[in-house]
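Peer 1: 3D model of this:
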Amino acid sequence: MTKNIGIDISKETLDAYRTDDGAYAQFQNDNKGRRALLRWIGDRVTLVVFEATGAYHRGLEIDLADASVPFAKVNPKQARRFAQAIGKLAKTDRVDAAMLAKMGAALDLSPQTPATSELHDMQELLAARRALIKDQTAARTRLATASVGSVQTILNRRLKQVAKDIDQIDDALRNLSCMDAQFSRKVAILASVPGIGQLTAITLLIDMPEIGDMDNKQAASLAGLAP
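Peer 2: Numbering: from 1, shown residues only. Just a heads-up that it's a prediction; the model follows:
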C-alpha cells in the first residue's frame, strides 16, 4: 500500500498524517520532536509532503534528507489550489496534513533533491536582504517628508547602514554561490542571458532552483528576452 505522509508545519509544531492507516500525530518542531517524527514515519515510506514555510521547514528538510526519506516540498499556493479542487475548504492543522498526504498521491509528486547547506544559508540571507530593502524603502519615504533636522540625520544614518548591510549580504551570496560548483555553473548559464546580472541570477536560482535545469534559450524565453 502507498504510504504517503503529509506534514503541516508551524513554528512550534509538526502535524503529520499517514495515508496507509489514517493515523495522525503531532510533534514539536525541534530536534527532539523531529527525531520522534522520523520514528513515527517508519520505513518504506513513499513520499513525505510539506509546504515551504521559510525558516520553519528547514530543520525538517535537513533531517529527512539525512535519514534518506523521500520528500516533496510544495508551494503553499499549489497546496491551496489542490485543497479547493478536492473541496477541502476547512483549514486546520490536521486537515492540512491529510490534504498534503493525499496531494502527493493524487498528483504523483516526485521526490526532490535535498538542498545543500549553502542553498539553505543563501535562502536565509536572501530573506534578510528583502527585509532590509523594505527598511530602505520605508526610510526613504519618511526622509522625503521629514522636516526636523534630527530626524533627517537619523534617517540618513539609517540609510547608510542599510546600504552597507545589503552590500555585505550581496558579498556573502556571491561567495556562497561559488562554493557550490553546480549552483555556480547554473548562475553562469543564467547570467549569460542579456539583462540578467549575477546577483539577479543568484536570486532567481534561490527562489526557483528548477530554473537552473533550463538551457540558455529556455531561460531567455522565461525572462521575456527570446521568443
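Peer 1: only C-alpha atoms for contact and neighbour calcs from this point on.
Peer 2: OK.
Peer 1: hang on, isn't residue 28 packed against residue 8?
Peer 2: No - in this structure, residue 28 is not within contact of residue 8 by Cα atoms under 8 Å, at 11.7 Å.
Peer 1: comparing these two, which residue is more hemmed in?
Peer 2: Taking other Cα atoms under 10 Å, residue 28 and residue 8 do not tie; residue 8 has more neighbours (26 against 18).
Peer 1: surely that one forms part of a helix?
Peer 2: No - checked against DSSP: H, G, I helix; E, B strand; the rest coil, residue 8 lies outside a helix; its state is strand.
Peer 1: in contact with it, which residues?
Peer 2: Residue 8 makes contact with 14-16, 50-51, 93-94, 96-97, 100, according to Cα atoms under 8 Å, 6 or more residues apart in numbering.
Peer 1: go again with 7 Å.
Peer 2: 14-16, 50, 93, 96-97 (Cα atoms under 7 Å, 6 or more residues apart in numbering).
Peer 1: for it, name its beta-bridge partners.
Peer 2: residue 15 (DSSP bridges).
Peer 1: and the strands in this protein, which stretches?
Peer 2: 4-9, 13-18, 24-28, 47-51, 71-74 (DSSP state E).
Peer 1: not counting sequence-adjacent ones, nearest residue to residue 142?
Peer 2: Spatial nearest neighbour of residue 142, chain neighbours left out: residue 155 (7.8 Å); criterion: Cα to Cα, 6 or more residues apart in numbering.
Peer 1: do you know how far the one you found is from residue 78?
Peer 2: Residue 155 sits at a distance of 40 Å from residue 78 (criterion: Cα to Cα, to the nearest Å).
Peer 1: between those two, who's got more neighbours?
Peer 2: Applying other Cα under 10 Å to residue 155 and residue 78 shows that residue 155 carries more neighbours, namely 20 against 11.
Peer 1: how far away is residue 27 from residue 187?
Peer 2: The value you get for residue 27 to residue 187, if Cα to Cα is used, is 38 Å.
Peer 1: neighbour count: the two, which is higher?
Peer 2: Higher neighbour count among residue 27 and residue 187: residue 187, with 26 against 18, using other Cα under 10 Å.
Peer 1: how about the contacts made by the nearest residue to the more buried one once chain neighbours are set aside?
Peer 2: Take residue 187 and drop its neighbours on the chain: the residue closest to it by Cα to Cα, 6+ apart is residue 201, 5.6 Å away. Neighbouring residues of residue 201 by Cα under 7 Å, 6+ apart: 187, 190-191.
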